[in-house]
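> all I have is the shape, not the residue letters:
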């Protein structure tokens, strides 16, 4: 298939894993502000984890999702994982920033491949900024096109490999939050990019059985590989373990972005014990938005019914009292 050949994807063969390159996550991420209008700030923060691995954080003031986007640079091409929540280049100069970060080879910028952890809008809105750029390929965001593009024909099983030139990135299926969710493992750094599958915040569950299977699959995948950190798409928890309100543009005292292999290993058991609505764990929160909305709807209807019943009883009581006084 042409697409498959164009991005040089191959099924994973046996590979010896060396020690990950030295890294740094000593960084204070842009936490937004209580009043964004009164506190001008850069919409995009760039941190060099190491010279060929860049972490880009979209400011909470630019969009409350405050996405993390990852740029991995090989000798032949570069890989961008997700494009964030903002399409407008004036508000979020993602494409310009990424192109400026790319090194040149043979007088031109390295080709860029864009992939996505999943198809939710806050992880692909920035695609529009790259759509007309030369030497940029954008992978599909939805199944079955995405899995075909990446060579995951036995979905959700199997592993695909993206060759960047001297650097290999593996792709593993992790549906449950989204039917087409994927996670990416970088052999150079030992980083596992987990999108919304695992992050320090709300793990929004679409399919709990698929989520549990993905957690087991990801844990098994990392068994034979060094895992330095698990990096998700957002930070939604403070150091006190509490989640920021939905839509908050200020994240004071954020907990670190990185999670560990231990957090991943705790996920299957957490999903096994999930009550179907909400459960708080030390480094993440399980939540089923549909179930929660249904529970709220049922509670509102019950409250409404109770109010109507109480109102009718009060009305009957007043009528009886009025009849008694007229006799």
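Looks like it arrived, so ask away. Treat the numbers as computed from the prediction; the structure is a model and nothing was measured.

> distance of residue 236 from residue 220?
For residue 236, the distance to residue 220 (C-beta to C-beta, to the nearest Å) stands at 27 Å. C-beta: built from backbone N, CA, C; applies to glycine.

> was I right about residue 58 contacting residue 83?
No. Checked against C-beta atoms under 8 Å, the pair residue 58 and residue 83 is beyond contact range at 9.8 Å.

> quickly list what's touching both of those two.
Shared contacts of residue 58 and residue 83 (C-beta atoms under 8 Å, 6 or more residues apart in numbering): 69, 94.

> give me the more crowded residue out of residue 236 and residue 220.
A side-by-side neighbour count of residue 236 and residue 220, using other C-beta atoms under 10 Å, places residue 236 first with 24 against 10.

> neighbours around the nearest residue to that one once chain neighbours are set aside, how many?
Nearest non-adjacent residue to residue 236, counting by C-beta to C-beta, 6 or more residues apart in numbering: residue 201, 2.6 Å away. A count of nearby residues for residue 201, using other C-beta under 10 Å, gives 20.

> got it, and residue 146?
The number of residues near residue 146, taken as other C-beta under 10 Å, comes to 21.

> wasn't it part of a helix?
Yes. Residue 146 forms part of a helix when assessed by DSSP: H, G, I helix; E, B strand; the rest coil.

> run through the stretch 51-200 of the chain and note the low-pLDDT ranges.
Along the stretch 51-200 of the chain, no part satisfies pLDDT under 70.

> which parts of it are helices?
94-101, 127-130, 145-150 (DSSP state H, counting those that start in this stretch).

> mind checking which of those helices is nearest residue 207?
Shortest distance between residue 207 and the helices of the stretch 51-200 of the chain, using C-beta to C-beta, is found for helix 145-150: 16.3 Å.

> for that closest one, name the packing helices and strands.
helix 2-6 (3 or more C-beta pairs under 8 Å, 6 or more residues apart in numbering; DSSP states H and E).

> tell me the mean pLDDT for the helix it packs on?
Here helix 2-6 scores 34 as its mean pLDDT.

> for the spatially closest residue to residue 89 that is not a sequence neighbour, grab the count of nearby residues.
Nearest residue to residue 89, sequence neighbours excluded (C-beta to C-beta, 6+ apart): residue 129, at 5.1 Å. Residue 129 has 23 neighbouring residues, counting by other C-beta under 10 Å.

> going forward can the numbers begin at 87, since that is how I track them
All right, first residue 87 from here; so that's residue 215.

> list the contacts for residue 215?
169, 173, 175, 180, 181.

> what sits against the closest residue in space to residue 338 that isn't next to it in sequence?
Nearest non-adjacent residue to residue 338, counting by C-beta to C-beta, 6+ apart: residue 117, 6.1 Å away. Residues near residue 117 by C-beta under 8 Å, 6+ apart: 146, 336, 337, 338, 340.

> which one of the residues you listed is nearest to residue 192?
Nearest member of the contacts of residue 117 to residue 192, counting by C-beta to C-beta, is residue 146, at 39.3 Å.

> look up how far residue 359 lies from the closest one.
Applying C-beta to C-beta, the value for residue 146 to residue 359 is 32 Å.

> dump the helices of the stretch 137-286 of the chain into a markdown table; add distance to residue 137 as well.
Shown next, in a markdown table, are the helices of the stretch 137-286 of the chain (distance: least, C-beta to C-beta, whole Å):
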| stretch | distance to residue 137 |
| --- | --- |
| helix 180-187 | 11 |
| helix 213-216 | 23 |
| helix 231-236 | 26 |
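
> any idea of the pLDDT on residue 315?
97.

> do the same with residue 357
Among the per-residue scores, residue 357 shows a pLDDT of 96.

> can you pull the buried residues of the helix or strand it falls within?
In the assignment (DSSP states H and E), residue 357 maps to helix 347-358. By neighbour count with 16 or more other C-beta atoms under 10 Å, helix 347-358 contains the buried residues 347, 349, 350, 352, 353, 354, 356, 357.

> I figured the last one hits residue 298, correct?
Yes. At 4.3 Å, residue 357 counts as touching residue 298 under the criterion of C-beta under 8 Å.

> that older thread, among the helices of the stretch 137-286 of the chain, which is nearest residue 245?
helix 231-236 (10.1 Å).

> tell me the buried residues in the closest one?
Neighbour-count burial for helix 231-236 flags 232, 233, 235, 236 (criterion: 16+ other C-beta under 10 Å).

> what's the answer for stretch 271-282, then?
Under 16+ other C-beta under 10 Å, the buried positions of stretch 271-282 are 271, 272, 273, 274, 275, 276, 277, 278, 279, 280, 281, 282.

> what sits against the second one?
Each residue near residue 272 by C-beta under 8 Å, 6+ apart is listed here: 139, 158, 253, 254, 255, 278, 279.

> what about the last one, distance to residue 123?
Taking C-beta to C-beta as the measure, residue 279 falls 33 Å from residue 123.

> how about the second one?
With distances defined as C-beta to C-beta, the gap from residue 158 to residue 123 amounts to 35 Å.

> who has more neighbours out of the two?
Neighbour tally, residue 158 and residue 123, criterion other C-beta under 10 Å: the higher count belongs to residue 158, 24 against 7.
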